[in-house]
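Student: build the 3D model from these lines:
(chains A and B, ligands or ions: 1)
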Amino acid sequence: MSKLSEDYTIDELMVVTLARQFTDADIMLNGTVSYIPVSAFMLARETHAPKLTWVAGAVGVDADPGYIVGNTLDPTMWKDCVMYLPQISDMWGYVHSNTLETFCIRGAQIDKYGNVNNSVIGKDYHRPKVRLPGSAGMGDMCSLHKKIYIWSTTHNPRTFVDKVDFLAAPGYLDGGDARAKLGLRNGPEVVVTDLCVMDFEPTSKRMRLKSVHRGVSAKQVQDETGFELVTPDHVLETPAPSVEEIELLRKKIDPKNMRKIEFRGSKTKV
Amino acid sequence: MAAGKENKVMSAAQAVGMIRDGDTVAIQGMGTQMSPLALVREIIKARKRNLIAAMIVGGIGLDWLIAAGCVKKVMAIIVNLDEFGMANAFRRAVEAGELMMEEYTEHQMLTRFSAGCYGLPFMTTQSGIGSAIVDLHPDTTKVIDCPFTGQKVIACRALTPDVCILHAHRADEVGNVQFFPKPIWGDVDVFPRASKKVIVTVEEIVSTDEIRRTPERTGLPYFKVDAVVPVKYGAHPCSLFPRYNFDRQVMERYAAESRTPEGTQAFLEKYVRAPRTQEDYLDLVGGSTMEARIQSFWS
Ligand SMILES: CC(C)(COP(=O)(O)OP(=O)(O)OC[C@H]1O[C@@H](n2cnc3c(N)ncnc32)[C@H](O)[C@@H]1OP(=O)(O)O)[C@@H](O)C(=O)NCCC(=O)NCCS
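Tutor: Next comes the predicted model:
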């Protein structure tokens, strides 16, 4: 066991926690503004999952940019890849045929069944209170049998809502077997936020608290969540990163601290 | 309708003359890369109106077009400035009810274009089953049963834009267009083939003999191209990989100034409307200092 880090920050904990979800068998794609997952893929490859495949920006197969240079869809991310994946024929082919089985998403609203919305805030889609960027690849991935990893740097009642205003990316829909009934396999697995880690209760498919980050209480998480979380009697603390993981992240993978861009709207200061 | 083998080199202003008010225009681009932005500036100067912008990812160029009042409807999967945040003119226009956003999942959008390429009335995808996105536009996407297995699939109606605008690395005079690397992005792949007219801006014009040396790099043959416009740094402030990077300074300035409508208009006035030529524009954004800024991808 390598020494545990004592001076890690929340962005780093989120990356490490997400990285530990992935294995050598995973083939990961990334989309826009995805610094936390991209850092996690790169870290997993440097530590416990050296054979994990990362298709950088959904284009550069098994790329090795060394560190995060610019944004997560930038061609700099494709460096030293073995192939540029043509989008329509190949990338979407592998996605539909389930050769690629996992995807990471973030959204402005996430509800208790893991449905995600990054399109509009407000009940009228055509006259929204807030027009958000749009669903990008999440509407695809969530309906194409993927195991979905959700991350969010803004764990608050505005992001974690009872029901999404617009159902862009289907999680477990209304819970229970609603997703399966539509013929959709897999779905949201884990949610990693700036406060905690959550998963989904197997029968009801409701979001369930799994561990809280250092210094955060279960009550605090509940107060920052817009619906009632399934909360076990004993909530663990999210395992701390190792010194090695933190060094890799700070010095090698993201020395420019690009991942901190994702905390623009977060109360958590990193 | 195939284009001929004649010389198609023309100015940006001449090429933009092919676009009529109300046209559906397929615009290549991503948040920070490969977009025909010199041509977009020309469209704004020509005061085109009521355009329908069809994109996968709408970025800074789309935001300019919206701010300039050229666009009545956007068809896309996402509109943002990537790491620079929200596309503010887009956001304000939709929130004010002045702009329609017809949102698709990525594969629905690509499938609409693909059907357009083949001349089919529609093609299908699985993408978006269970999402409310499919219900947003019953005229173009519909859940149907597979006639063989009964499985639910989404029929995506063919999209055949009036014009497609692209920026590429180089072309010859008749319009054989080369990309390095060859088309991998969905927009460069299906946008031109689905469109009725294709306008391509390129960094340089080379001879057909030069093209024949590396046919594996040609992404579009002359018979699908209607106009070739030489424009150096034609994607600026976005990147043209691997030739030049995006211009962080200009992207950041626009992201900051576009936070208010006044700031957006001031930016448009200064960087889009005032420069008479591409040379004026390049001088304005820094000339040789700009070139130095976007030289390297690694910093
Ligand atoms: C989630 C996301 C929209 C946040 O954007 P951001 O620019 O980093 O952060 P901000 O928190 O500043 O949000 C932008 C705006 O939306 C508003 N907003 C965000 N969430 C909101 C919500 N739930 N309700 C109301 N407004 C909201 C913010 O208030 C802000 O507007 P303001 O500047 O007027 O205050 C953005 O990171 C994103 O699109 N992520 C998607 C990543 C992803 O899933 N990629 C893979 C799929 S391809």
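
Student: low-confidence ranges in the stretch 101-250 of chain B?
Tutor: Along the stretch 101-250 of chain B, segments meeting pLDDT under 70 are nowhere present.

Student: residue ranges with poor pLDDT in chain A?
Tutor: Residue ranges of chain A with pLDDT under 70: A:1.

Student: ok, longest helix in it?
Tutor: If you go by DSSP state H, chain A has its longest helix at helix A:35-46.

Student: show me what that helix is packed up against.
Tutor: Using 3 or more CB pairs under 8 Å, 6 or more residues apart in numbering or on different chains; DSSP states H and E as the contact criterion, the elements in contact with helix A:35-46 are helix A:10-19, strand A:53-56, strand A:102-105, strand A:147-152. Every residue, glycine included, has its C-beta placed from N, CA and C.

Student: and the contacts of the first one?
Tutor: What that stands for is helix A:10-19. Residues outside helix A:10-19 that contact it (CB atoms under 8 Å, 6 or more residues apart in numbering or on different chains) are A:5, A:8, A:36-37, A:39-41, A:43-44, A:47-49, A:104, A:149, A:151, A:153, A:192-194, A:197, A:213-214, A:238-241, A:245-246, A:249-250, A:259-260, A:262-263, A:268, A:270.

Student: can I assume B:Leu120 is in contact with B:Leu159?
Tutor: No - distance between B:Leu120 and B:Leu159: 11.3 Å, which falls outside the contact criterion (CB atoms under 8 Å).

Student: and these two? Which one has more around it.
Tutor: Counting neighbours by other CB atoms under 10 Å in any protein chain shown for B:Leu120 and for B:Leu159 shows that B:Leu159 has the greater number, 25 against 11.

Student: what's the closest non-adjacent residue to the more buried one?
Tutor: B:Arg112 (4.0 Å; CB to CB, 6 or more residues apart in numbering or on different chains).

Student: now that neighbour: which helix or strand?
Tutor: Taking DSSP states H and E as the criterion, B:Arg112 maps to helix B:106-118.

Student: mind giving me the domain split of chain A?
Tutor: According to automatic domain parsing, chain A comprises the domains A:1-20+A:27-100+A:241-270, A:103-238.

Student: quote the end-to-end distance of the longest one.
Tutor: Using CA to CA, to the nearest Å, the span of domain A:103-238 from its first residue to its last is 22 Å.

Student: equivalent analysis for stretch B:26-39, please.
Tutor: Looking at stretch B:26-39, the gap from its leading to its trailing residue is 13 Å under the measure CA to CA.

Student: so how far is the ligand from A:Val13?
Tutor: Just to correct that, residue A:13 is Leu rather than Val. 19 Å (CB to the nearest ligand atom, to the nearest Å).

Student: tally of neighbours for that residue?
Tutor: Other residues near A:Leu13 come to 23 when the count uses other CB under 10 Å.

Student: sorry, back to before: if any of the contacts of helix A:10-19 are buried, put those into a ChimeraX selection.
Tutor: Only the buried entries of the contacts of helix A:10-19 go into this ChimeraX selection, using 16 or more other CB atoms under 10 Å in any protein chain shown:
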select /A:5,8,36,37,39,40,41,43,44,47,49,104,149,151,153,192,193,194,197,213,238,240,241,245,246,249,259,260,262,263,268,270
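
Student: contacts for the helix holding B:Arg112?
Tutor: Counting contacts by CB under 8 Å, 6+ apart, the residues touching helix B:106-118 from outside are A:87-88, A:92, A:95-96, A:136-137, A:139-140, B:26, B:54, B:56, B:75-77, B:104, B:121-125, B:127-128, B:133-134, B:140-141, B:154, B:156-161, B:186, B:190-191, B:193-195.

Student: same check on stretch B:127-142?
Tutor: Counting by CB under 8 Å, 6+ apart, A:96, A:119, A:125, A:135, A:139-140, A:142-144, A:166-170, A:173, A:179, A:182-184, B:102-108, B:111-112, B:143, B:152-157, B:159 sit against stretch B:127-142.

Student: list of residues touching stretch B:47-56?
Tutor: The list of residues contacting stretch B:47-56 from outside it, by CB under 8 Å, 6+ apart, reads B:16, B:19, B:21-30, B:43, B:62, B:65, B:69-77, B:79, B:106, B:109-110, B:113, B:159, B:161, B:185-187, B:191.
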